[in-house]
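In: Next comes the sequence, and after it the predicted model I'd like to discuss.
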Amino acid sequence: MKTVNALSFSALLLSGLAALVIGARIWSAPDVFAFQIGQGHLPAAAIAELAMQHGAALLAIGLIAVGAAFLSATARWLALGLLIAAGLSAWFGVWQFASARDGLYGPALKTLLLADVLSFAAVTVVRDADRAAPKPTDAEFHFRWG
């Protein structure tokens, strides 16, 4: 169980810190963000709003991930699942723009998603491996014949 705790803690903490850094970078340079996702032609107000939304979302996801790293093992496992869902939904928010330019944000978010998927799979495998196998004498608990 120590492996599950260490792996889920590390995955959440590193993913959260990476999301915080990317969110802060977007907020600090909205014009660079817009250029890298291929939306540099937008007016300045639209670029600022786009950067504010994406930066806030990444900062919130990062804070949730860092906070969840200090919760119980089951809560961390669920938080990893939520991070994967957030990463998949980010596909529709940022990654479709990444094909327009060779920017930083698309590959960074894809790497975070891959790391979270691998961590979630590893934690799930270890959690299932730690579970006791059913005994032949437990058949009455598994089947109700009547």
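Out: Noted; the coordinates are in hand. Just so it is clear, the structure is predicted and the values come from calculations on it, not from any experiment.

In: Over stretch 77-97, what's the mean pLDDT, rounded is fine.
Out: If you average the pLDDT over stretch 77-97, you get 75.

In: Check stretch 110-117 too.
Out: For stretch 110-117, mean pLDDT is 81.

In: Could you do stretch 10-18 as well?
Out: Stretch 10-18 comes out at a mean pLDDT of 87.

In: now the helices for the protein?
Out: Counting by DSSP state H, one finds helices in the chain at the ranges 2-28, 30-36, 44-68, 73-90, 96-98, 105-130, 139-142.

In: Can you point out the buried residues in the longest one?
Out: By that I understand helix 2-28. 4, 7-9, 11-16, 18-20, 22-23, 25-27 (16 or more other C-beta atoms under 10 Å). (Glycine included, C-beta is placed from N, CA and C.)

In: mind listing what's buried in stretch 75-90?
Out: Of the residues in stretch 75-90, those buried (16+ other C-beta under 10 Å) are 76-77, 79-80, 83-84, 86-87, 90.

In: Could you single out the nearest of those residues to Leu42?
Out: Proximity of the buried residues of stretch 75-90 to Leu42 (C-beta to C-beta) peaks at Ala90, which lies at 19.5 Å.

In: ok, the closest one - contacts?
Out: By C-beta atoms under 8 Å, 6 or more residues apart in numbering, the residues touching Ala90 are 109, 113.

In: how far away is it from Ala34?
Out: Here the criterion is C-beta to C-beta, to the nearest Å. By it, Ala90 lies 17 Å from Ala34.

In: Find the residue at the geometric middle of this structure.
Out: Leu83 (3.0 Å; C-alpha atoms, centre = their mean).

In: pretty sure it is touching Ile61, no?
Out: Yes - using C-beta atoms under 8 Å, Leu83 is in contact with Ile61, at 7.0 Å.

In: Pipe the buried residues of stretch 75-90 into a markdown table and attach distance to Val123 per row.
Out: Formatted as a markdown table, the buried residues of stretch 75-90 follow (distance: C-beta to C-beta, whole Å):
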| residue | distance to Val123 |
| --- | --- |
| Arg76 | 8 |
| Trp77 | 6 |
| Ala79 | 11 |
| Leu80 | 7 |
| Leu83 | 12 |
| Ile84 | 12 |
| Ala86 | 17 |
| Gly87 | 16 |
| Ala90 | 21 |
